[in-house]
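In: below is the structure, and that's it, no one-letter string:
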């Protein structure tokens, strides 16, 4: 297993206000963006110091730790593989599928719509496109019951 930097993306120079606009329906008003994994999932620090995970593939925001210290304990206790998607990132890099600046791994088919967490269902995308496209999709389907068939029309 590598270091934290092998499974995260530097995100300080991105325009997060614009990038996360399509996720405003889900995100709290105030938060600090802390860590971004290579699939674009974000670990956010809220005002009460709790850590929440924005899962782009599932379109969810979930509290994962009560503090940074609690987060560190959980990462060390085995959550790193899941939260940082270590096995899949390792498979992608072994296949030579690497990221350039302002890119993340993304999904050909969203997991919430039946896509698998596999090399075959992964593509490389610009970070802003990754968030904008999937934020719109998740907002459109957020109130649908499980199992509802959906069809998307892409214009232009």
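Out: Here it is on my side, so go on. Just so it is clear, the model here is predicted, and its values are computed rather than measured.

In: identify the bridge partners of residue 51.
Out: residue 45, residue 65 (DSSP bridges).

In: so what's it up against?
Out: 34, 43-45, 63-68, 70-71 (C-beta atoms under 8 Å, 6 or more residues apart in numbering). C-beta coordinates here come from the backbone N, C-alpha and C atoms, glycine included.

In: got phi/psi on the residue most central in space within the chain?
Out: Nearest to the mean C-alpha position of the chain, by C-alpha atoms, centre = their mean, lies residue 41 at 2.0 Å. Backbone torsions of residue 41, given as degrees, to the nearest 10, read phi -70, psi 140.

In: ok, it - contacts?
Out: 53-57, 83, 85.

In: please convert these to JSON lines, extending it with secondary structure.
Out: Formatted as JSON lines, the contacts of residue 41 follow (DSSP: H, G, I helix; E, B strand; the rest coil):
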{"residue": "53", "secondary structure": "strand"}
{"residue": "54", "secondary structure": "strand"}
{"residue": "55", "secondary structure": "strand"}
{"residue": "56", "secondary structure": "coil"}
{"residue": "57", "secondary structure": "coil"}
{"residue": "83", "secondary structure": "helix"}
{"residue": "85", "secondary structure": "coil"}
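
In: which one (most neighbours) among those residues?
Out: For the contacts of residue 41, neighbours were counted by other C-beta atoms under 10 Å; the highest total belongs to residue 56, with 25 neighbours.
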